[in-house]
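# Provided below for reference: sequence and predicted model.
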Amino acid sequence: LHLLGGTVLLMLVCVQAVAHQQFASQTQPTTLTASQRYWLVGGLALVLLQSALGGWVSTNYAVLACTTFPQCQGSWWPAMDFAQAFELWRPLGMQADGNPIHFEALTAIHYVHRLMAYVVSAVLLVLAWKLRPLAALAVQRKWLLGLLALQVVTGLSNVVLDWPLVAAVLHTGGAAALVVVLT
């Protein structure tokens with residue numbers, strides 16, 4: 001909740017900054033088609049959900065549950081415990097009875113974040129494609145594609161390089177930057 005609250009505050013500051021810039025330069029917002037707006041709002045919602053999942057991965061130390069790519073633990077569908085993985089009201093890393101959560105739960109947390117990354121990437125690529133005709137948003141479109149590439153590279157490096165701190169920080173910062181661009 002702390003991560004999502006901070007993200008919402010970042011979005012609100014971004015909205016204010018854009019409104020101020022438009023007022024100062026006396027420019028109007030760019031008009032989007034219904035389809036472009038749909039993909040933009042959907043992409044932002046998915047990035048927020050993916051950020052929440054990433055925070056869940058981090059707080060449960062589940063990043064190292066899958067150390068191979070594209071498979072996880074040598075399987076396309078490893079053993080996972082979704083019920084325990086997404087039980088929200090428990091001590092972090094622990095079951096309600098005080099025992100550590102099972103490795104299958106950590107795997108589920110990690111793998112759901114990874115699978116959602118495929119969906120988010122596809123939606124953001126479609127959004128970038130849909131924004132092509134808008135010259136006024138060319139810079140934002142390039143940032144969107146660049147930040148998406150950064151997310152893929154840093155996410156993969158977290159997996160295959162055993163979670164280097166620099167990649168983890170860049171991955172979190174890249175998610176925040178994506179939120180700013182989409183906002």
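All right, it came through fine.
# Only C-alpha atoms from now on, for both contacts and neighbour counts.
Fine.
# got any ranges where the protein has weak pLDDT?
In the prediction, the chain carries residues with pLDDT under 70 at positions 163.
# And the helices in it?
The residue ranges that make up the helices of the chain, judged by DSSP state H, are 2-25, 34-59, 82-85, 103-130, 138-160, 165-182.
# Give me the phi and psi for the spatially closest residue to residue 91 that is not a sequence neighbour.
For residue 91, ignoring the flanking residues on the chain, the nearest one in space by C-alpha to C-alpha, 6 or more residues apart in numbering is residue 98 at 7.8 Å. With angles defined as degrees, to the nearest 10, residue 98 shows backbone torsions of phi 100, psi -10.
# on that earlier part again, for residue 94, find the nearest of the helices of the chain.
Of all the helices of the chain, helix 82-85 sits nearest to residue 94, with 9.5 Å by C-alpha to C-alpha.
# Show me which residues of the closest one are buried.
Judged by neighbour count using 16 or more other C-alpha atoms under 10 Å, the buried positions of helix 82-85 are 84, 85.
# same thing with stretch 141-150?
Those buried within stretch 141-150 under the rule 16+ other C-alpha under 10 Å are 141, 143, 144, 145, 147, 148, 150.
# Contacts for it next, please.
When contacts are taken as C-alpha atoms under 8 Å, 6 or more residues apart in numbering, the neighbours of stretch 141-150 outside the stretch itself are 121, 124, 125, 128, 131, 132, 171, 174, 177, 178, 181, 182.
# of these, closest to residue 56?
Of the contacts of stretch 141-150, the one sitting nearest to residue 56 (C-alpha to C-alpha) turns out to be residue 171, at 14.0 Å.
# What count of nearby residues applies to the closest one?
Per other C-alpha atoms under 10 Å, the neighbour tally for residue 171 reads 23.
# Tell me if I'm right that it and residue 151 touch.
Yes. Counting by C-alpha atoms under 8 Å, residue 171 sits close enough to residue 151 to count as a contact (5.7 Å).
# Any of the contacts of stretch 141-150 buried? List them.
121, 124, 125, 128, 131, 171, 174, 177, 178, 181, 182.
# related to what we said a few turns ago, and the residue nearest to residue 91, how far from residue 157?
Here the distance between residue 98 and residue 157 works out to 32 Å (C-alpha to C-alpha, to the nearest Å).
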